[in-house]
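> compute the structure for the input listed below.
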Amino acid sequence: MNRREFIAHSGAAVGGLALAGCGSVPAAKGTPLAVGAAKRQVTPPLWVPYLTSSGNGTHAPFQSVHDDLFARALVLDDGRDAIAVLAVDSIGYDNAVLGPGRDFTAELRRKIASSTTLKPDAVMFAATHSHSTPETIGLTPFREVRGAPEWLENHLSELAATVIEAWRNRAPARARAGVTKVEGIARYRRICLRNGKQSRQGPLPPPEDVAVPWRLDEDLNILHFERDNGAPVAVLLNYTAHPVVAMLLPHVSADYPGAASSLVERELPGAVCLFTNGCTGNINSVKVTTNFDDVQSIGARLGRAALGKLCELKLLADPALAHCSTKATITPRECPPLAEAEKAAAQNPSAKNRVALRLAKKLAEGPLRAEVQAMRLGPVSWVSLPGEPFVEIGFALKEAGATFVVGYANGWLGYLPIRRAYDEGGYETLAGPWSRVAPGSAERLETAGVACLSAVNGGGRTL
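Here you go, the predicted model:
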């Protein structure tokens, strides 16, 4: 069966995944859409550490704040169903970051549900994946830093409060949607060459040196919400490129997603601009660990592209809502048991054994639980995945009917490589706490995404 046939048939059988919480009852015709938005600063104290090396498992405190971090929330309510999107300037959230027996996303949703009528699985919790942010993906002993557990508890409450505020801000509004292509921002970072090596950054290799075809997803998807009098309420953006311009710089920064959102908010006073990242597991920004001029330049290009498209966006005449989620336990990478890994690392503290020990410790925290989620607003539908999916997964889900795909949502399971990538090698597929899932896991989540799309929009209608 080829890939297209696989996608066509995957909605009928999801390999043991259970669909849950599918809200797909359409609103009564003519029911106005209610929209609320909110924004809250979540800049950490400088002592809260950021990730300095995933390979070595190190972190360090910040030195200064270049630009503030924000949580931004959007709530949509059509009278029958309601959904929320929470986008945070963050590297991502390992659901085990609070400690044994706790789940960050689940606790966030419970706090939100206790003060609203939003169903827990109707809340999409996404990170922009900006790297100059607190190390909440759990690749280092973050919880052992003095004060970190208390900061996390407060941060969790701030995130919940942002969605609750957006819920209370609901009022009638109209929705518009569209897409524009923005080139020159993204760079495929795993170009396989005929000599067996990979081109990961810098100038692109000549076509005759490339062994495996590759492509970028350069679509900037835009949702715009405004009151009946034209006053802007919110903008939701989705683009696909790793925010690594400010990576490894010891200054708090939301990287280019923050710069893009800030520009839109300045030009549309009163609006909240949410940024969600796409399937960026093998897609970098063209600039990596450079300077804040590049952060502003890239962010400005996206922000201006979004603003320039607003007048062309299509009005969603019947913006009915639907949502659906699928949960599964994912097979982990092959790894020795924790006791065996500890013994090996003690006898021979090689880099390989130290990484294996870190992976074993991570897997010992509990099963790899994944949630795939789909949401629909009229003809616009999107799917979220809990980690760093490769761009090929995003293209497959778009072919199956998704308008766009959101990565880094409802938890972080590390990289989600396509199957062939494991044979090609490279950082993203090297077994470690950043690459925990077994080959075939990304395709399994893709299948689940197709099933969720089918549940929310009956066959994948697109804008």
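> run through this protein and note the low-pLDDT ranges.
Applying pLDDT under 70 to the chain flags residues 1-31, 459-463.
> show me where it has helices.
3-10, 104-115, 148-168, 255-267, 292-309, 338-347, 351-364, 391-399, 419-424, 441-457 (DSSP state H).
> what packs against the third one?
Contact partners of helix 148-168 among helices and strands, from 3 or more CB pairs under 8 Å, 6 or more residues apart in numbering; DSSP states H and E: strand 33-41, strand 70-77, strand 82-88, helix 104-115. All C-beta atoms are positioned from the backbone trio N, CA, C, and that covers glycine.
> now for the helices of the chain, which one comes closest to residue 67?
Each of the helices of the chain was scored for nearness to residue 67 using CB to CB, and the closest is helix 255-267 (5.9 Å).
> residues touching that closest one, excluding its own?
Helix 255-267 is contacted from outside by 39, 67, 69-70, 72, 89, 128, 130-132, 185, 235, 237, 239, 241, 243-247, 254, 271-275, 277, 285, 295-296, 298-300, 302-304, 306-307, using CB atoms under 8 Å, 6 or more residues apart in numbering.
> and the closest residue to residue 377 other than its chain neighbours, backbone torsions?
Using CB to CB, 6 or more residues apart in numbering and skipping residues adjacent in sequence, the residue nearest residue 377 is residue 319, 5.4 Å away. Per-residue torsions, residue 319: phi -80, psi 60 (degrees, to the nearest 10).
> residues contacting residue 319?
33, 76, 78, 174-175, 377-378.
> I'd assumed residue 313 was in contact with residue 176.
Yes. Contact criterion CB atoms under 8 Å: residue 176 and residue 313 qualify, at 3.6 Å.
> residues shared between the contacts of these two?
Contacts common to residue 176 and residue 313, judged by CB under 8 Å, 6+ apart, are residue 224.
> what about residue 259, distance to residue 358?
For residue 259, the distance to residue 358 (CB to CB, to the nearest Å) stands at 33 Å.
> nope, residue 211 is what I was after
Counting by CB to CB, the gap between residue 211 and residue 358 amounts to 32 Å.
> neighbour count winner among those two?
The neighbour comparison of residue 211 against residue 358 (other CB atoms under 10 Å) goes to residue 358, with 22 against 14.
> how about that one: what's its closest non-neighbour residue?
residue 433 (5.0 Å).
> ok, now which ones touch residue 335?
Shown in contact with residue 335 (CB under 8 Å, 6+ apart): 341, 356, 359-360, 363, 431.
> can you flag the buried ones in the residues you listed?
341, 356, 359-360, 363, 431 (16 or more other CB atoms under 10 Å).
> ok, of the residues you listed, which one's closest to residue 191?
Nearest to residue 191 among the buried ones among the contacts of residue 335, with distances taken as CB to CB, is residue 431, at 22.4 Å.
> any idea how far the residue lying closest to that closest one once chain neighbours are set aside lies from residue 55?
Leaving out its chain neighbours, the residue that sits closest to residue 431 by CB to CB, 6+ apart is residue 333, at 4.7 Å. In this view, residue 333 and residue 55 are 16 Å apart by CB to CB.
> who has more neighbours out of these two?
Higher neighbour count among residue 333 and residue 55: residue 333, with 20 against 15, using other CB under 10 Å.
> that one against residue 429, yeah?
No. Counting by CB under 8 Å, residue 429 is not a contact partner of residue 333; they are 9.4 Å apart.
> overlap in contacts, these two.
With CB under 8 Å, 6+ apart as the test, residue 333 and residue 429 both reach residue 435.
> contacts only, for the nearest residue to residue 233 once chain neighbours are set aside.
Nearest non-adjacent residue to residue 233, counting by CB to CB, 6+ apart: residue 225, 4.4 Å away. For residue 225, the contact set (CB under 8 Å, 6+ apart) comprises 35, 37, 74, 173-176, 232-235.
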